[in-house]
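**Student:** Structure for this input, please:
(2 chains)
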Amino acid sequence: GAVVSQHPSRVICKSGTSVKIECRSLDFQATTMFWYRQFPKQSLMLMATSNEGSKATYEQGVEKDKFLINHASLTLSTLTVTSAHPEDSSFYICSARGVRSEAFFGQGTRLTVV
Amino acid sequence: GQQLNQSPQSMFIQEGEDVSMNCTSSSIFNTWLWYKQEPGEGPVLLIALYKAGELTSNGRLTAQFGITRKDSFLNISASIPSDVGIYFCAGSVTSGTYKYIFGTGTRLKVLA
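**Tutor:** Model prediction:
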């Protein structure tokens, strides 16, 4: 089956610093990648959609200067949380879509900002 | 952000019982997906549905794509303890960015 690898799985950073999260599709080319945020006991909230080589499309209410997304290749997308603050602490999950309409998820990244 | 309505929110059942959950939307979708998520992990795809009326099985799991294209159902037969987790539906339109909208989730607990 399709494998999506997300790294790191956990990160703790100081307030004001930036954190980069990587999402890789290991055995297929991902035409589209999605970034989600999930709070405890809640569903996944779509933050942005990115297509390889083009600018990401952000959902309403998501600050694009705060959450920088780069989809430089068909197998890699990165999410950078800039100038992180404690309220940015959350579980961030990426997913990748190949040729069919199925989306496969990474393992998630638990971000804690102290 | 937009979410789909999923019910029930949570279920406590005895091992061996069957489980049903559903997802409804005000919008039409071309694809319905069902996922299971365990604590601290990303969701794992269980079943994908592509046609209205489609009924698809994956082991003890069966899912259906509603005729109206605004709903979907997931059934788990003869539940076992490892079925514990949160089940999410997701709907997608096959145009534009193909983005997926997620349901609110059904938290399943199975009592041995």
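**Student:** what sits against residue 27?
**Tutor:** Here I'm looking at chain A. Going by C-beta atoms under 8 Å, 6 or more residues apart in numbering or on different chains, residue A:27 touches A:2-3. From N, CA and C alone the C-beta is placed, and that goes for glycine too.
**Student:** meant chain B actually
**Tutor:** B:70, B:91, B:93.
**Student:** Please tell me which one of those counts the most neighbours.
**Tutor:** Counting neighbours by other C-beta atoms under 10 Å in any protein chain shown, residue B:91 leads the contacts of residue B:27 with 27 neighbours.
**Student:** So which bits of chain B are right by chain A?
**Tutor:** Taking C-beta under 8 Å from any C-beta of the partner chain as the criterion, chain B approaches chain A at residues B:1, B:3, B:30-31, B:33, B:35, B:40-45, B:48, B:50, B:88, B:90, B:92, B:94, B:97-105, B:107.
**Student:** and these, which of them are in strands?
**Tutor:** B:31, B:33, B:35, B:44-45, B:48, B:88, B:90, B:92, B:100-102, B:107 (DSSP state E).
**Student:** Make a PyMOL selection of whichever of the residues you listed turn out to be buried.
**Tutor:** Entered in PyMOL, the line below selects the buried ones among those, by 16 or more other C-beta atoms under 10 Å in any protein chain shown:
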select buried, chain B and resi 31+33+35+45+48+88+90+92+100+101+102
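**Student:** How about residues contacting the helix or strand where residue A:21 lies?
**Tutor:** Secondary structure from DSSP states H and E places residue A:21 in strand A:19-25. When contacts are defined by C-beta under 8 Å, 6+ apart, strand A:19-25 is touched by residues A:2-8, A:11, A:13, A:33, A:35, A:74-81, A:84, A:92, A:94, A:96, A:98, A:104, A:106, A:109, A:111.
**Student:** For the residue of chain A found nearest chain B, which residues count as its bridge partners?
**Tutor:** Across chain A, the shortest distance to chain B (C-beta to the nearest C-beta) belongs to residue A:105, at 3.7 Å. For residue A:105, the beta-bridge partners are residue A:95 (DSSP bridges).
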